[in-house]
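Chemist: Fold the following, please.
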Amino acid sequence: MDIKKLRQDRADALNAAKALHAAAGINPMTAEAGAQYDAHMANVASLDANIIRAQQMLDAERTAPAIQVEVSAPEASKQKFSGLGEQLLAVKNFAMSGGRNRDERLFASAPGQNETIDTEGGFLVSAEVAPDLLSRTFAAGVISSRCRTRPMSSSRLVLNGIDDANRVGGPAGAGILVVRAAEAAGINFSKLKLRRTELNANKLLGFYMASDEVLEDAPALQSEINDFFPDAFSWAHDNEILNGTGASQFLGVLNSGACVVVPKDNGQTLAGNPITTSNILNMRTRLWIRSRPNAAFFVGPDAEAVLSTLTIPGAAGTAVALYTPPGVGSNNTKYGQMLGFPVIPTEQTAPLGTQGDILLADFNEYIIGERNSVQFASSIHVQFLTDQQVFRWTLRNDGAPLWDKPVTQNNSVNKVSPFVVLAART
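Modeler: I've put the predicted structure just below:
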């Protein structure tokens, strides 16, 4: 018995009875209408009994002991899935049969690593597929692709860095001193100062609903996942790298203490001059010098439109464009250029005129810790009436700036950072 069809037939019969009841209103039903009503309600009762029987059968199948297939370790270790689509179909069949339809490759494709995750009710993506999914994810992110990544052997990773908030005279303020031998006698300086960055792996969940038509075709399923997974997860990563609160998610640079905030010009307003040439020049001044080779401007679409109107004085009083769009002049890159930095548009920046609508940043000074591999599970209990199945994807990671505050640089009154933002213009 098809339980989905039984439930649909019951709903149709009940709706038909409701329609007859509503048509009669406060008046007694006619003999013909009453007979039809009684027939529909009898059909509902009969279908209820059949639905109970069908549900009992499904429950019995799900709770039946799994059929164990003995496979020797050497032989099992040689078995591999041809691709992600084939592995997902094996997970679907395992879930729908309550573990009776068991593909040993789910358990043997990565001995010691790819067992079922009891607390999650799922499996790890096979060792052949997971690295590609992760690399696609980070490559798709315009921000996360520029960050450092580090594997986490446990759920917590502690990184020690030098606390060189004061670089006057070099890094001596952090307890490091470099002098010539003739100058070393009688020098006293403090012990090395360290600051700590701590990452704690948190879950990032994604859900993908696949129709039965797609589930019948492993290549189509793999193609959809390869499109969905990198785009969805990289968007979430980029958003948290900028805006994360640090509470069970990344600590975003805009919510950290690492940013330098460049003041707006005197009298500058959103309505008059949302972004000015002096804003941009001042932002470059406050960027840590060693970050200049890796830094880029990150802007929202509205901010990018304003940049096209900015100019900088040229020779003999002439003015030249401050911003060069891609494909214009000598700029043959895929991004605009400004002061030698790429200008990368992204959706995750703040609205125009708000602090964070334009950011000059070196995301090589941002660290992402990755815990284990990609995990996924499936459920046959969601949207079963519409021939759909839900796959759940789980990543465990954390991220934070490697800087906790701007630093005072040598021979300058201005503090600098790898992360520079423009103050709000109201």
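
Chemist: these two touch, right, residue 359 and residue 238?
Modeler: No. Counting by C-beta atoms under 8 Å, residue 238 is not a contact partner of residue 359; they are 11.9 Å apart. Using the backbone N, CA and C atoms, a C-beta is placed for each residue, glycine as well.

Chemist: Please say which of those two ends up with more neighbours.
Modeler: residue 359 (29 against 25; other C-beta atoms under 10 Å).

Chemist: so that one bridges to which residues?
Modeler: residue 298, residue 421 (DSSP bridges).

Chemist: residues contacting it?
Modeler: 242, 253, 254, 297, 298, 299, 349, 419, 420, 421 (C-beta atoms under 8 Å, 6 or more residues apart in numbering).

Chemist: Distance check, it against residue 289.
Modeler: 18 Å (C-beta to C-beta, to the nearest Å).

Chemist: Tell me where this structure has helices.
Modeler: Per DSSP state H, the chain carries helices over the ranges 3-24, 31-63, 73-77, 84-96, 105-108, 130-140, 212-215, 218-243, 277-285, 301-307.

Chemist: how many other residues sit next to the nearest residue to residue 311 once chain neighbours are set aside?
Modeler: Spatially, and ignoring its direct neighbours in sequence, residue 311 is nearest to residue 319 (4.0 Å; C-beta to C-beta, 6 or more residues apart in numbering). Residue 319: 11 surrounding residues under other C-beta under 10 Å.

Chemist: Might one say that residue 319 is in contact with residue 310?
Modeler: No. Contact criterion C-beta under 8 Å: residue 319 and residue 310 do not qualify, at 9.7 Å.

Chemist: quick one on the thing from earlier: nearest to residue 412, of the helices of the chain?
Modeler: helix 277-285 (8.9 Å; C-beta to C-beta).

Chemist: quick check, distance from the closest one to the centre of its chain.
Modeler: Its chain's average C-alpha position is 31 Å from that of helix 277-285, according to C-alpha atoms, centre = their mean, to the nearest Å.

Chemist: Same question for stretch 220-232.
Modeler: 14 Å.

Chemist: how about it: buried residues?
Modeler: 221, 222, 224, 225, 226, 229, 230, 232 (16 or more other C-beta atoms under 10 Å).

Chemist: okay, the residues you listed in TSV with distance to residue 207 and pLDDT next?
Modeler: Putting those into TSV (distance: C-beta to C-beta, whole Å; pLDDT from 0 to 100) gives the following:
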residue	distance to residue 207	pLDDT
221	15	73
222	18	74
224	13	74
225	12	74
226	17	73
229	11	76
230	16	80
232	9	86
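
Chemist: Put together a markdown table for the residues you listed, with distance to residue 269 on each row.
Modeler: As requested, the buried residues of stretch 220-232 are exported to a markdown table (distance: C-beta to C-beta, whole Å):
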| residue | distance to residue 269 |
| --- | --- |
| 221 | 53 |
| 222 | 52 |
| 224 | 47 |
| 225 | 47 |
| 226 | 46 |
| 229 | 43 |
| 230 | 40 |
| 232 | 38 |
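
Chemist: quick check, nearest of those to residue 247?
Modeler: Using C-beta to C-beta, these come closest to residue 247 at residue 232, 21.5 Å.

Chemist: From residue 321, how far off is the closest one?
Modeler: 36 Å.

Chemist: Next, count neighbours for residue 354.
Modeler: Residues near residue 354, counting by other C-beta under 10 Å: 18.

Chemist: Quick check: residue 248 touching residue 202?
Modeler: Yes. In this structure residue 248 lies within contact range of residue 202 using C-beta under 8 Å: 4.9 Å.

Chemist: between those two, which one's more packed in?
Modeler: Neighbours were tallied for residue 248 and for residue 202 using other C-beta under 10 Å; the higher tally belongs to residue 202 (17 against 11).

Chemist: Correct me if wrong: the more buried one contacts residue 397.
Modeler: Yes. The pair residue 202 / residue 397 is scored as a contact, 7.3 Å apart, by C-beta under 8 Å.

Chemist: And for residue 34, the neighbour number?
Modeler: 13.

Chemist: Let me fix that, I meant to ask about residue 271.
Modeler: 8.

Chemist: Check the one 4 residues further on too.
Modeler: If you count neighbours by other C-beta under 10 Å, residue 275 ends up with 29.

Chemist: Make 121 the starting number, not 1.
Modeler: In the new numbering, first residue 121, that becomes residue 395.

Chemist: Identify the residues contacting it.
Modeler: 423, 426, 427, 430, 478, 542, 545.

Chemist: What score does it have for pLDDT?
Modeler: Note on residue 395: pLDDT of 96.

Chemist: Kindly report the same for the one 5 residues further on.
Modeler: At residue 400, the model reports a pLDDT of 97.

Chemist: do residue 290 as well
Modeler: Residue 290 is given a pLDDT of 59.

Chemist: now residue 276
Modeler: 86.

Chemist: wouldn't it be in contact with residue 322 here?
Modeler: No. The pair residue 276 and residue 322 does not pass the contact test of C-beta under 8 Å, sitting 11.1 Å apart.

Chemist: what's the overlap in contacts for those two?
Modeler: Contacts common to residue 276 and residue 322, judged by C-beta under 8 Å, 6+ apart, are absent.

Chemist: can you pull the contacts of the residue lying closest to residue 357 once chain neighbours are set aside?
Modeler: Nearest residue to residue 357 in three dimensions, chain neighbours excluded: residue 264, at 4.2 Å (C-beta to C-beta, 6+ apart). Contacts for residue 264 were tallied using C-beta under 8 Å, 6+ apart; they are 257, 258, 354, 357, 358, 361, 488.

Chemist: What sits closest to the last one if chain neighbours are left out?
Modeler: Right, residue 488. residue 519 (4.2 Å).

Chemist: which ones are touching that neighbour?
Modeler: 267, 319, 357, 360, 361, 364, 370, 371, 486, 487, 488, 489.

Chemist: mind putting those in JSON lines, neighbour count, pLDDT and distance to residue 450 included?
Modeler: Below are the contacts of residue 519 laid out as JSON lines (neighbours: other C-beta atoms under 10 Å; pLDDT from 0 to 100; distance: C-beta to C-beta, whole Å):
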{"residue": "267", "neighbour count": "21", "pLDDT": "93", "distance to residue 450": "29"}
{"residue": "319", "neighbour count": "23", "pLDDT": "90", "distance to residue 450": "41"}
{"residue": "357", "neighbour count": "26", "pLDDT": "94", "distance to residue 450": "33"}
{"residue": "360", "neighbour count": "25", "pLDDT": "96", "distance to residue 450": "36"}
{"residue": "361", "neighbour count": "27", "pLDDT": "97", "distance to residue 450": "31"}
{"residue": "364", "neighbour count": "22", "pLDDT": "95", "distance to residue 450": "37"}
{"residue": "370", "neighbour count": "30", "pLDDT": "95", "distance to residue 450": "37"}
{"residue": "371", "neighbour count": "22", "pLDDT": "96", "distance to residue 450": "38"}
{"residue": "486", "neighbour count": "28", "pLDDT": "95", "distance to residue 450": "30"}
{"residue": "487", "neighbour count": "20", "pLDDT": "93", "distance to residue 450": "35"}
{"residue": "488", "neighbour count": "22", "pLDDT": "93", "distance to residue 450": "34"}
{"residue": "489", "neighbour count": "25", "pLDDT": "92", "distance to residue 450": "39"}
